[in-house]
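Asker: need a structure here:
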Amino acid sequence: MVYTVTFNPSLDYIVNVSDFKLGQVNRTEKEVMFPGGKGINVSIVLKNLGMESTILGFTAGFTGEEIQRRVKEMGCVEKLIPIANGYSRINLKLRSNEESEINGMGPEIGKEDIDKLYQMLDTLKAGDVLVLAGSIPASMPSTMYSDIMEYLQNKEVMIAVDATKDLLVNVLPFHPFVIKPNNYELGEIFNVTLKDKKDVIVYAKKLQEQGARNVLVSMAGDGAVLVAEDGSVYESEAPKGKVVNSVGAGDSMVAGFLYGYLTTQNYEIAFKNGVATGSASAFSENLATKEEVEAILNTL
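Answerer: So this is what the prediction gives:
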């Protein structure tokens, strides 16, 4: 079973305004709302590809109830833990002459809430997959991801981590199955500017030396790279298409990679699935569907 953890889920409210003006009343031309958060996105895409998963994390207030309602409506299984106080966040994404975002804070998550999550993690068994994705609220310890991995290190759980900076680096000693920085985040870790795939491969291998089993690096319009634990290295150009919505593309790549690997045990197929799924989400208003992914796979 695949489990995804989203510590700070959201309702993503995306509005289109033709010519946004500060200090004036602006009216939307189009608006959509989705349940958001990186782990939730991974679960939704896995469901679209035909693979079940369970969503873990925290929700609060009426916005939290709406997140739960929407993920269930999409056919996902959720075991989100309700928090007594506060509200799950609403993230506003404004599309106009420029794209802007205002992200909410989310509720304060206490020790008793974290303890409930650990009780759920106790049910994981060897061969299960756990996806730790996204940022964590300020109320939680900065070592949260590595704490979870240390807690589970004797369970033979395959763990995927999609995070930045210290959140990502701190998990490396616990040998995550796969990590997915983008090329900018990878360069930030080592305080260097990565110019091309050759540079990306060099520094991806450094993360592997520090403990990661597989390093999957997304490079937006420049494609992607996988440095796999069996010593193989795969590169791909970005599939051709018009980028409609970049939100969730990286999460979709993680979902596609896991789907490809869990169904075939083949890293090349997993990599191509990751590239195709990330691109399918980028080329669509919504997260990737199986049909959209298969259409792009046929071009790789």
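
Asker: Nearest residue to Pro141 in space, please, no chain neighbours.
Answerer: Asp147 (6.8 Å; C-beta to C-beta, 6 or more residues apart in numbering). C-beta here means a position set from N, CA and C on the backbone, and glycine is covered the same way.

Asker: I figured the one you found was touching Leu132, is that so?
Answerer: No - in this structure, Asp147 is not within contact of Leu132 by C-beta atoms under 8 Å, at 10.6 Å.

Asker: of these two, who's got more company?
Answerer: Using other C-beta atoms under 10 Å, the more surrounded residue of Asp147 and Leu132 is Leu132, with 28 against 17.

Asker: Next one: the closest residue to Ala163 other than its chain neighbours, what pLDDT does it get?
Answerer: Excluding its sequence neighbours, the residue lying closest to Ala163 (C-beta to C-beta, 6+ apart) is Tyr145, at 6.3 Å. Confidence at Tyr145, expressed as pLDDT, is 95.

Asker: Wait, a helix at Tyr203?
Answerer: Yes - the assignment for Tyr203 by DSSP: H, G, I helix; E, B strand; the rest coil puts it in a helix.

Asker: so who does it touch?
Answerer: 186-187, 189-190, 192, 194 (C-beta atoms under 8 Å, 6 or more residues apart in numbering).

Asker: do that again at 6 Å, thanks
Answerer: By C-beta atoms under 6 Å, 6 or more residues apart in numbering, the contact list for Tyr203 reads 186, 190.

Asker: follow-up on the earlier one: spit out the contact partners of the residue nearest to Ala163.
Answerer: Residues near Tyr145 by C-beta under 6 Å, 6+ apart: 132, 167, 171.

Asker: three-state assignment of Asp12?
Answerer: Under three-state DSSP, Asp12 comes out as strand.

Asker: That one: neighbour count?
Answerer: Neighbour tally, Asp12, other C-beta under 10 Å: 22.

Asker: and if you look at the one 3 residues further on?
Answerer: The local packing count at Val15 equals 18, with neighbours defined by other C-beta under 10 Å.

Asker: And for Ile44?
Answerer: Neighbour number of Ile44 under other C-beta under 10 Å is 29.

Asker: could you say which helix or strand contains it?
Answerer: Per DSSP states H and E, Ile44 falls inside helix 38-49.

Asker: Check Glu66 too.
Answerer: Assigned by DSSP H and E, Glu66 falls in helix 61-73.

Asker: Let me know the next secondary structure element after that helix.
Answerer: strand 77-83.

Asker: quick one: contacts of that next one?
Answerer: 54-60, 68, 71, 107, 113, 116.

Asker: repeat that with 8 Å
Answerer: 9, 52-60, 64, 67-68, 71-72, 107-110, 113, 116-117, 120.

Asker: and that strand with helix 38-49, angle?
Answerer: With axes from the mean of the first three to the mean of the last three C-alpha atoms, to 10 degrees defining the directions, strand 77-83 sits at 160 degrees from helix 38-49.

Asker: Distance from the chain centre to the helix or strand that strand 77-83 is followed by, please.
Answerer: Counting by DSSP H and E, the element after strand 77-83 in chain order, helix or strand, is strand 89-95. Centroid displacement of strand 89-95 relative to its chain, using C-alpha atoms, centre = their mean, to the nearest Å, is 17 Å.

Asker: And the next helix or strand past strand 89-95?
Answerer: strand 99-102.
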